[in-house]
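Visitor: I would like the atomic coordinates for the input below:
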Amino acid sequence: MAEQVVPSRMNLALYKAKIISAKKGHELLKKKCDALKTKFRIVMVALLENKKFMGDEAQEALLLIAKAQYAAGEFHQNVKDAVKRATIRLEISSENIAGVMLPEVNIREVDDSDSSMSQIGLARGGQSIQRCRDKFKDLLMLLVKIASYQTSFVSLDQVIKVTNRRVNALEYVVIPRFTATMNYIDMELDEMSKEDFFRLKKVLDNKRKIIEKQNQETAKRQLEVEDMNWQERESYDMLAEEQPDEDVFF
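Guide: Reported below is the predicted structural model:
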């Protein structure tokens, strides 16, 4: 339904500019949505692939810790006493995808060559403990990667939904409404132009009729004057014939 606006050339130009801006915005949002969907598919595939490996990695890590406990006994307390600082740090960065900042979590390992963790398992089960440690490190990296992909997945899903709503609103609501309003203004201006033309034509016809009437009256008066002059001349000629000439002597 067209908005009820005052039909004028200025409003017509205004709505034409609005339609152009809305179409440009729709085109940009469409491109943004396409770029986000491409990245969304990449993240989704990577997330699914990593989640498939997560179960196997976790199961293998639990088996290795069971083997390590069987070989070296309970070493949990020794690990707690030996840990002074974290050897794995998380670094958070961001990736800009069509104006959307996606968080990226990266793992940075700290050198722990001087750590007392290296002394654990020297008595027995050292190799089993080392394999268990390496497997849990791989599992931790996989979990961090999955967390990063999951965060990007959720963020992209929300942004894509909002962008799609904006694209649909521009395509099916805003642009058709502006177009209907512009057509309404154009139609009203066309009707006003026809009315002005008809009014001007009527005014010209009335003027023409008035001028014709005045010309007819002027011609009629001229005929009356000419008739009166002819009658006066005839009367004068008749009087001139009846009067005798006094200068004539018999």
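Visitor: Pretty sure residue 145 sits against residue 49.
Guide: No. Using Cβ atoms under 8 Å, residue 145 makes no contact with residue 49, being 10.3 Å away. No exception for glycine: its C-beta is placed from N, CA and C like everyone else's.
Visitor: the more surrounded of the two?
Guide: residue 145 (19 against 12; other Cβ atoms under 10 Å).
Visitor: can you give me the helices in the chain?
Guide: 9-72, 76-82, 126-169, 175-242 (DSSP state H).
Visitor: Looking at the first one now, give me its mean pLDDT.
Guide: The average pLDDT for helix 9-72 rounds to 87.
Visitor: let's have the chain start at 602 instead
Guide: Got it, first residue is 602 now, which makes that one helix 610-673.
Visitor: which residues touch residue 740?
Guide: Residue 740 is in contact with 655, 658, 659, 662, counting by Cβ atoms under 8 Å, 6 or more residues apart in numbering.
Visitor: For burial, what's the neighbour tally of the second one?
Guide: Yep, that's residue 658 we're talking about. 19.
Visitor: what does the third one give?
Guide: Residue 659 has 15 neighbours, counted by other Cβ under 10 Å.
Visitor: what's the closest non-adjacent residue to it?
Guide: residue 740 (6.1 Å; Cβ to Cβ, 6 or more residues apart in numbering).
Visitor: per-residue confidence at the one you found?
Guide: pLDDT, residue 740: 87.
Visitor: hang on, the earlier thing: and the two most separated of the contacts of residue 740?
Guide: The span of the contacts of residue 740, defined through Cβ to Cβ, is set by 655 and 662 at 10.4 Å.
Visitor: quick one, which of these two is more surrounded?
Guide: Neighbours were counted for residue 655 and for residue 662 using other Cβ under 10 Å; residue 662 has more, 21 against 15.
Visitor: my guess is that one contacts residue 733, does it?
Guide: Yes. The pair residue 662 / residue 733 is scored as a contact, 7.2 Å apart, by Cβ under 8 Å.
Visitor: number of nearby residues for residue 609?
Guide: Neighbour tally, residue 609, other Cβ under 10 Å: 13.
Visitor: Quick check: residue 732 touching residue 665?
Guide: Yes. Assessed by Cβ under 8 Å, residue 732 is found in contact with residue 665 at 5.6 Å.
Visitor: of those two, who's got more company?
Guide: With neighbours defined as other Cβ under 10 Å, residue 732 and residue 665 compare such that residue 665 has more, 19 against 16.
Visitor: quick one, what contacts the closest residue to the more buried one other than its chain neighbours?
Guide: Computed as Cβ to Cβ, 6+ apart, the closest residue to residue 665 that is not its neighbour in sequence is residue 733, at 4.2 Å. Neighbouring residues of residue 733 by Cβ under 8 Å, 6+ apart: 662, 665, 666, 668, 669.
Visitor: Check the spacing between the closest residue to the fourth one other than its chain neighbours and residue 707 real quick.
Guide: Looking back up the chat, that one is residue 668. Of all residues not flanking residue 668 in the chain, residue 729 sits nearest, at 5.2 Å (Cβ to Cβ, 6+ apart). The spacing between residue 729 and residue 707, counted by Cβ to Cβ, to the nearest Å, is 30 Å.
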